[in-house]
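Chemist: Here is a sequence together with a model predicted from it:
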Amino acid sequence: MMRDITIEELAARIRQKRAELGLSGKGDVQPNSGRRRTQSKRNLLRNIAELAARDGREPPFKANY
């Protein structure tokens, strides 16, 4: 049997589960290890990082290549 819950109840359950898992905020998703990336994707990610560094800024994402 399904039970209706409010959005507040759902949010509380999610907060509780995140706390149980030790997740505390932004960036909780584990980064992709990059082990199975193609060489062309590795090159693309490396080029993006190099361009960002050249412009004195962080790349828009963290990448393993």
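Modeler: Perfect, thanks for sending it.
Chemist: mind listing what the residue nearest the centre of the chain touches?
Modeler: By CA atoms, centre = their mean, the chain has its centre lying nearest to V29, at 3.9 Å. Residues counted as contacts of V29 (CB atoms under 8 Å, 6 or more residues apart in numbering): none. Every C-beta, even on glycine, is put in place using the N, C-alpha and C of the backbone.
Chemist: List the buried residues in the longest helix belonging to the chain.
Modeler: Ordering each helix of the chain by length in residues (DSSP state H) puts helix 39-54 first. Within helix 39-54, the residues scored as buried using 16 or more other CB atoms under 10 Å are L45, A49.
Chemist: Export only the CA atoms of it, formatted as CSV.
Modeler: Below are the C-alpha coordinates for helix 39-54, written out as CSV (Å, rounded to 0.1, in the frame of the first residue of the first chain):
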residue,chain,number,x,y,z
GLN,A,39,42.1,8.4,-25.8
SER,A,40,40.1,11.1,-27.7
LYS,A,41,38.0,11.9,-24.6
ARG,A,42,41.2,12.1,-22.5
ASN,A,43,42.7,14.5,-25.0
LEU,A,44,39.5,16.6,-25.0
LEU,A,45,39.4,16.9,-21.2
ARG,A,46,43.2,17.7,-21.0
ASN,A,47,42.7,20.4,-23.6
ILE,A,48,39.8,21.9,-21.7
ALA,A,49,41.9,22.0,-18.5
GLU,A,50,44.9,23.5,-20.3
LEU,A,51,42.8,26.3,-21.9
ALA,A,52,41.3,27.1,-18.5
ALA,A,53,44.7,27.2,-16.8
ARG,A,54,46.0,29.4,-19.6
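Chemist: per-residue confidence averaged over it?
Modeler: On average, the pLDDT along helix 39-54 is 94.
Chemist: Could you list the residues in contact with that helix?
Modeler: G34, R37, E58, P59, P60, A63, Y65.
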